[in-house]
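**Student:** predicted coordinates and the sequence they were generated for:
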Amino acid sequence: MATLSIGTSAMVLFASSLLALLTLGAVSRFHTATDQSDQIQQLVRQVSALQSSQADALKSASDRELLVTAQASSTSCNCSLPDGYTYASAFGVIGDADADDGPALQAAIDSAASNQSGGIVILPAGTFRINSPLLVPGGVTLQGMGYGSSPLAIQFDAGASTIAYCGTDHAVKLTGHAASLRDLAVYDWPYTGCEDIQAAGGVLVEADQTLIESVIVSNVFIYFFLGGPALSLVAKNSGGVPFGNYQNVRIRHAKTGVYLAAEEGSSVNTNSFIGGGMSGGGFESGIYAEGPGSCNDNKFYGMFIEPPDTDIAHVYVEGSKTNVKLLDVRLEATDKSLDRPIVIIDDSSYGNVMNGILGHTHVQANLNKNPGIDLMSHKSVSLDPAPVNQFWNAAFKGFDGDRAMPGWSLVGTNANIAMVDDSEALYPDHRVISVNYLNYGGAFKVMADQTLNVPGHDFVTFGIYARSSVPSSISAAMRYTSGSIISSAPHSGSGEWEFIGMSALYDKTAPYFYFSITGDVEITASTLTFGHTPATPGASLMSSSGARMSGTLTTGVAIGLPPPPEEPPYYWKLPKNEGNLFLMDMQGDPIRTIIRLNHSTADRFPRGTVVTLMFSLAGTRVSDNAYIELKNNDDFVSVINSSITLMASGGATWTEVLRNE
């Protein structure tokens, strides 16, 4: 505690400590004060009037003691006040828009940074001309009294604190962790000798060979910076600017509203801009974000960007490591010609997310690389990729028990493959394959038996469910757009089902996707879709409500085998859900008779299923009876390369559709 005389610079400390008690309207009455001493005198007199209404609201004994001390005080009393603030007025700032307040204000900031006084520098109402940039180091807050009564122009009223910069650099530079700028205006001063001087920018956070994180800029009005960006976040020489918070930043008339840039090897990442916005004239761009370094995941929430026009675009993004997220934003451009985009996303950038209101013109972007852009107007629409599984036979039907399975290539001899009982299935009608890795010869690969490529898409998303007790037993791998092979995170070895997959830009000149297996694993429900979209394992290729095709319909081909010796020789069972065409393997003896097909309830095909039995040898008889109803009650007897087509009629019965004998 410090004992100071009211009327000195320490009296400002007392006034600031009481601001929370004066929110019932008393603050409005000190806007007419011409300096901080007058404001303090008014605050002292107002405390007494507020005693009865405020005393009950005070929660701690220390608060009540402070109120009693304030009641008993007069302009000449001594008061015990908590330390913690630095007052710019104590360092000689004037605030008359004429004198250079830069040295005095910088001295106050430096004092706060050196622990000689509190880390919050209180700037009184006034217009503080500075001819050199203010440097706000880490841990220091420059706190004003607000920026006045208008968000459209500097009004010099309502007790506003205005920094009037007259120079060619940036007006304010935040140079360290948790540096903060609050409740004031920053103005590129055009008067009294500064008419021909133009600043390079307003507020700058620049990390040069260092890291500057958790910067806060709150309730700040940045005005008339027509020579450069109003607010810049820049990283170079392996520097970084992450995790900043920029709330209600109001930008009016600027060359660029918010500029985000990272050199190669540097980063400007995961900063949040909440509320606020930009308007007025002189804009080349509203938000301009560029690499080539990592400049991504910078989020703008609820902001409006509505200059009548911009020379480049309201939002411009370029760089393979650069993207922005605009959430619930408002984009207006009342004077922009309809053939010019309001948003431009360079083809090098991907993963941008934008939604809200698009009032005019359109978005210019590769929407396949940026499916998160959801801004639609009468001039443009967003785009979502079709969630169609490109893996043919994703359900693993028709496996021959060795190495053949329709739609798939099982590359390598260093694994044994077997089907798992259907009770282990994760999705209906999707088989589970067990891969017993033999621990030699590198990875065993499971991949599509044909090249998958949709040139209209830049992204691919694919994966598979896997269960294994071996860490890193399986991963998804692909050829990246650069030509290199990249892979997903592997299975953890938990013994549980885990989805193993990835989504990335793929090499359209030589697409290559596969599952790399280096340990015992069970797999099921594979999926591959083109586009940057969540995976859809277990999805059906055709709708259950019907489908129409204009191309070739390809169906599964399965093997029909005679009954095992322990079962009746006339009761045949076709493998269910393996296909519609069955190559009837007579095991070297074609002289056989078929009387029943899939007679057991568990093996029956749904009503309406059409199957074709194909015979390469002559002599096999399909007998007409109550369970297999043949045309004209005539038995079918195979000849070489003949066939008969049957439809499941429900229950255990079949009806002939067509024969070729």
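**Tutor:** Looks like it came in fine. Small disclaimer: the values here were computed from a predicted structure and weren't measured. Numbers count the residues shown, from 1 in each chain.
**Student:** pLDDT weak spots in the stretch 401-550 of the chain?
**Tutor:** Low-confidence segments of the stretch 401-550 of the chain, defined by pLDDT under 70: 539-550.
**Student:** can you check the chain too?
**Tutor:** Applying pLDDT under 70 to the chain picks out residues 1-83, 377-380, 382-384, 539-551.
**Student:** all helices for it, in order.
**Tutor:** Counting by DSSP state H, the chain has helices at residues 11-17, 36-54, 61-72, 102-113.
**Student:** residues contacting the spatially closest residue to residue 249 that is not a sequence neighbour?
**Tutor:** In space, residue 249 comes closest to residue 276 once its chain neighbours are excluded; the distance is 4.2 Å by C-beta to C-beta, 6 or more residues apart in numbering. All C-beta spots, glycine's among them, are computed from the backbone N, C-alpha and C. By C-beta atoms under 8 Å, 6 or more residues apart in numbering, the contact set of residue 276 is 246, 247, 248, 249, 250, 251, 303.
**Student:** and which of those is nearest residue 260?
**Tutor:** Within those, proximity to residue 260 (C-beta to C-beta) peaks at residue 246, which comes in at 11.2 Å.
**Student:** in the sheet, who's paired with the residue nearest to residue 510 when sequence neighbours are not counted?
**Tutor:** For residue 510, ignoring the flanking residues on the chain, the nearest one in space by C-beta to C-beta, 6+ apart is residue 479 at 6.1 Å. Going by DSSP bridges, residue 479 is paired in beta bridges with residue 485.
**Student:** and residue 479, how many neighbours?
**Tutor:** Neighbourhood size, residue 479 [other C-beta atoms under 10 Å]: 20.
**Student:** now swap in residue 409 and tell me
**Tutor:** Neighbours around residue 409, by other C-beta under 10 Å: 14.
**Student:** give me the spatial nearest neighbour of it, chain neighbours excluded.
**Tutor:** Leaving aside its chain neighbours, residue 409 sits nearest to residue 449 (4.4 Å; criterion: C-beta to C-beta, 6+ apart).
**Student:** that neighbour: what's it in contact with?
**Tutor:** Contacts of residue 449 (C-beta under 8 Å, 6+ apart): 407, 408, 409.
**Student:** counting only strands, which of these make the cut?
**Tutor:** Using DSSP state E, 408, 409 are the members of these that sit in strands.
**Student:** redo the contacts of residue 449 as CSV? Include distance to residue 328.
**Tutor:** Putting the contacts of residue 449 into CSV (distance: C-beta to C-beta, whole Å) gives the following:
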residue, distance to residue 328
407, 44
408, 45
409, 47
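**Student:** among the contacts of residue 449, which one lies nearest to residue 426?
**Tutor:** Among the contacts of residue 449, and counting by C-beta to C-beta, the member closest to residue 426 is residue 408, at 18.1 Å.
**Student:** do I have it right that that closest one meets residue 447?
**Tutor:** Yes: contact criterion C-beta atoms under 8 Å: residue 408 and residue 447 qualify, at 7.3 Å.
**Student:** out of these two, which sits in the more crowded spot?
**Tutor:** A count of neighbours by other C-beta under 10 Å puts residue 408 above the other of residue 408 and residue 447, at 22 against 18.
**Student:** for the residue lying closest to the more buried one once chain neighbours are set aside, grab phi and psi.
**Tutor:** Once flanking residues are discounted, residue 408 sits nearest to residue 449: 5.6 Å by C-beta to C-beta, 6+ apart. Dihedral pair for residue 449: phi -80, psi 0, per degrees, to the nearest 10.
**Student:** biggest strand in this structure by residues?
**Tutor:** Selection of the longest strand in the chain by residue count, based on DSSP E, yields strand 216-236.
**Student:** which of the residues in it are buried?
**Tutor:** 217-236 (16 or more other C-beta atoms under 10 Å).
**Student:** with stretch 606-623 instead?
**Tutor:** Result for stretch 606-623 [16+ other C-beta under 10 Å]: buried residues 609, 611, 612, 613, 614, 615, 617, 620, 621, 622.
**Student:** also stretch 453-466?
**Tutor:** Of all the residues in stretch 453-466, those buried under the rule 16+ other C-beta under 10 Å are 453, 454, 457, 458, 459, 460, 461, 462, 463, 464, 465, 466.
**Student:** quick one: residues contacting the fifth one.
**Tutor:** Translated: residue 459. Each residue near residue 459 by C-beta under 8 Å, 6+ apart is listed here: 350, 368, 369, 385, 503, 504, 505, 506, 530, 531, 532, 533.
**Student:** just give the nearest non-adjacent residue to it, would you?
**Tutor:** Nearest one to residue 459, counting by C-beta to C-beta, 6+ apart, is residue 532 at 4.0 Å.
**Student:** state the distance from the one you found to residue 316.
**Tutor:** Using C-beta to C-beta, to the nearest Å, residue 532 is found at 21 Å from residue 316.
**Student:** what do you get for residue 127?
**Tutor:** For residue 127, the distance to residue 316 - C-beta to C-beta - is 34 Å.
**Student:** then residue 155?
**Tutor:** 32 Å.
**Student:** who has more neighbours out of the two?
**Tutor:** Using other C-beta under 10 Å as the criterion, residue 155 and residue 316 rank with residue 316 on top: 23 against 14.
**Student:** so what's that one up against?
**Tutor:** Residue 316 makes contact with 285, 287, 288, 289, 343, 344, 346, according to C-beta under 8 Å, 6+ apart.
**Student:** try residue 529
**Tutor:** 385, 386, 387, 388, 389, 390, 460, 461, 462, 535, 536.
**Student:** show the buried residues in those.
**Tutor:** 385, 389, 390, 460, 461, 462, 535, 536.
**Student:** skipping its backbone neighbours, what lies nearest the fourth one in space?
**Tutor:** Residue nearest to residue 460 in three dimensions, not counting chain neighbours: residue 506, with 4.5 Å by C-beta to C-beta, 6+ apart.
**Student:** gap between the spatially closest residue to residue 369 that is not a sequence neighbour and residue 460?
**Tutor:** Nearest residue to residue 369 in three dimensions, chain neighbours excluded: residue 350, at 3.8 Å (C-beta to C-beta, 6+ apart). The gap separating residue 350 from residue 460 is 13 Å, by C-beta to C-beta.
**Student:** need the contact list for the spatially closest residue to residue 191 that is not a sequence neighbour.
**Tutor:** Nearest residue to residue 191, sequence neighbours excluded (C-beta to C-beta, 6+ apart): residue 97, at 7.4 Å. Residue 97 makes contact with 126, 127, 128, 129, 164, 189, 191, 192 under the criterion C-beta under 8 Å, 6+ apart.
**Student:** from residue 126, how far off is the fifth one?
**Tutor:** This means residue 164. Counting by C-beta to C-beta, the gap from residue 164 to residue 126 is 10 Å.
**Student:** what's the burial count for residue 339?
**Tutor:** By the criterion of other C-beta under 10 Å, residue 339 has 8 neighbours.
**Student:** hmm, residue 654 and residue 626 touching each other?
**Tutor:** No: using C-beta under 8 Å, residue 626 is not in contact with residue 654, being 10.6 Å away.
**Student:** quick one, which of those two is more surrounded?
**Tutor:** residue 654 (23 against 9).
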